[in-house]
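# mind looking at a prediction? Sequence and model below.
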Amino acid sequence: MRWLWLFRLRNLARSAVRFAWMYLAAGIAMCRLRRDYIVERQPGERNLAGAKRVAIFVHYDRRGRVHDYVFYYLECLRDVGFELVFVSNAPTLRDDARERLRPLCALILRRKNIGYDFGAYKDGITALGDVANLDELLLANDSVYGPLTDLGAVIARCDPQRAAVWGITDNWFRRFHLQSYFLLFKHEALASPAFARFWNSVNYVQSKRWVTERYEIGLSRVMMQSELRCTALYPYRQAAQALAAAVASLHEEPEEGEKPRAPIWNEQQRFAANMFEAVERGRPLNSTHHLWDYLIGEMKCPFLKRELLERNPMGVPALQRWETMLRGAFDYDTDLILRHLEVQARNRAV
């Protein structure tokens, strides 16, 4: 039993260090007096004057590249009527990237990589000025591949009568919140004092945990406290319920005349069982990782998380099916993803 206590003490010590660092980083951030971290502004060929739909798109690449899958996303945003503010956290931007960005964007900002995406979103919102005049403001970033399907049809489903803030997916970790890789604010939310109050409160904190808990989770909480409904187009509960039903069906005997169900590998079986147990006990999963195949194959979710294919941090089995699944469900050019993954793999090998 001694080893068990040592294991618990080690975990407690690690948690204490993480919390100490999180609050230290927050304290340092609160002492900063800077209005923003923008180091370079460049006008694009588009115009923000009179725009009613604006997208702030956050980018990072340590070598200053803007990959083809990002340009495809930007082109889709432009084609459905969004004027673009491109905010890069990269240490530099390559000349070829700038040349391709200018015709797509109204404004290109490069900033110090301080405060993660929420710091970049804040600087983009500050650069816009009064957002209360907009019909829609979209916050998006390069952490996903897509859109895999018609973005106009996706945006059209975001009915302002049903919700003031829309996301693609939600998460129930800690508490309900919309995931911040895609947040669409309708006019009701943009005109609310709660919106301005939240972004004024955002500090440039160098702690990912702090940003997640205080800003990603906190944003949905602040909006809902002001009676602004937040809704996901592809909700976690729908995918989780489908998972529970699918796992339960594995234990059912096939009916007379029905073909035997195809066996699954032990690794997949264990992973599915662990997810089923989490759902049954009310422990939330990250649907963009654990339930990615249901989101893509059945719900036709228009985005796939980059981190899932780059690192697979949750150890999701049978991930090699992603290309076949995408080609079976959408017309999206999967070479955009493959080219990016190849570049990332070369960088890791160097």
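Thanks, I have the structure now.
# so, low pLDDT: which residues of the stretch 151-300 of the chain?
Counting by pLDDT under 70, the stretch 151-300 of the chain contains low-confidence residues at 246-282.
# typed the wrong thing, it's the stretch 1-150 of the chain
1-33.
# mind listing the strands for it?
According to DSSP state E, counting those that start in this stretch, the stretch 1-150 of the chain carries its strands in the segments 38-43, 53-59, 83-88, 107-111, 136-141, 144-145.
# same deal with the stretch 201-350 of the chain?
Under DSSP E, counting those that start in this stretch, the stretch 201-350 of the chain gives strands at 230-232, 304-305.
# check the model's average confidence along the last one for me.
Computed over strand 304-305, the mean pLDDT rounds to 98.
# what does it rub up against?
With contact meaning C-beta atoms under 8 Å, 6 or more residues apart in numbering, strand 304-305 is reached by 143-146, 148, 181, 288-289, 292, 296, 322, 326, 337. (C-beta placed from N, C-alpha, C; glycine too.)
# so how far is that strand off the chain centroid?
8 Å (C-alpha atoms, centre = their mean, to the nearest Å).
# which residue is the nearest non-sequential neighbour of V144?
F303 (4.0 Å; C-beta to C-beta, 6 or more residues apart in numbering).
# got JSON lines for the strands of the stretch 1-150 of the chain, with distance to L190 too?
Putting those into JSON lines (distance: least, C-beta to C-beta, whole Å) gives the following:
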{"stretch": "strand 38-43", "distance to L190": "21"}
{"stretch": "strand 53-59", "distance to L190": "10"}
{"stretch": "strand 83-88", "distance to L190": "15"}
{"stretch": "strand 107-111", "distance to L190": "18"}
{"stretch": "strand 136-141", "distance to L190": "6"}
{"stretch": "strand 144-145", "distance to L190": "23"}
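# to R221, which of the ones you listed lies closest?
Smallest distance to R221 across the strands of the stretch 1-150 of the chain (C-beta to C-beta): 16.5 Å, for strand 136-141.
# how about the closest one: buried residues?
136-141 (16 or more other C-beta atoms under 10 Å).
# nearest residue to I38 other than its sequence neighbours?
In space, I38 is closest to R111, 4.7 Å off (C-beta to C-beta, 6+ apart).
# helices along the stretch 1-150 of the chain, start to end?
2-31, 68-79, 95-101, 116-128 (DSSP state H, counting those that start in this stretch).
# just the CA trace of stretch 40-58, in CSV.
Output in CSV follows, covering the C-alpha atoms of stretch 40-58 (Å, rounded to 0.1, in the frame of the first residue of the first chain):
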residue,chain,number,x,y,z
GLU,A,40,2.7,44.6,-37.0
ARG,A,41,-0.4,45.9,-38.8
GLN,A,42,-0.9,45.5,-42.6
PRO,A,43,-4.0,46.4,-44.5
GLY,A,44,-5.5,43.8,-46.9
GLU,A,45,-7.3,44.5,-50.1
ARG,A,46,-10.7,44.0,-48.6
ASN,A,47,-12.6,46.7,-46.6
LEU,A,48,-14.0,46.6,-43.1
ALA,A,49,-16.0,49.9,-43.7
GLY,A,50,-19.7,49.0,-43.5
ALA,A,51,-19.1,45.3,-43.0
LYS,A,52,-21.8,43.5,-41.1
ARG,A,53,-20.2,40.1,-40.9
VAL,A,54,-16.6,39.9,-39.7
ALA,A,55,-14.4,36.9,-38.8
ILE,A,56,-11.3,37.1,-36.6
PHE,A,57,-9.1,34.2,-37.6
VAL,A,58,-6.1,33.3,-35.3
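# mind listing what's buried in it?
44, 46, 48, 51, 53-58.
# mind putting those residues in TSV, distance to G81 included?
Putting the buried residues of stretch 40-58 into TSV (distance: C-beta to C-beta, whole Å) gives the following:
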residue	distance to G81
G44	16
R46	11
L48	13
A51	9
R53	5
V54	10
A55	10
I56	15
F57	15
V58	20
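# now do the phi/psi pair for the residue most central in space within the chain.
Nearest residue to the geometric centre of the chain (C-alpha atoms, centre = their mean): Y181, 2.6 Å. Per-residue torsions, Y181: phi -70, psi -10 (degrees, to the nearest 10).
# repeat that for the one 10 residues further on.
When read as degrees, to the nearest 10, the backbone of A191 gives phi -80, psi -10.
# measure the residue nearest to it when sequence neighbours are not counted to Q225 for me?
Among residues not flanking A191 along the chain, A132 sits closest, at 4.5 Å (C-beta to C-beta, 6+ apart). A132 sits 19 Å away from Q225, taking C-beta to C-beta, to the nearest Å as the criterion.
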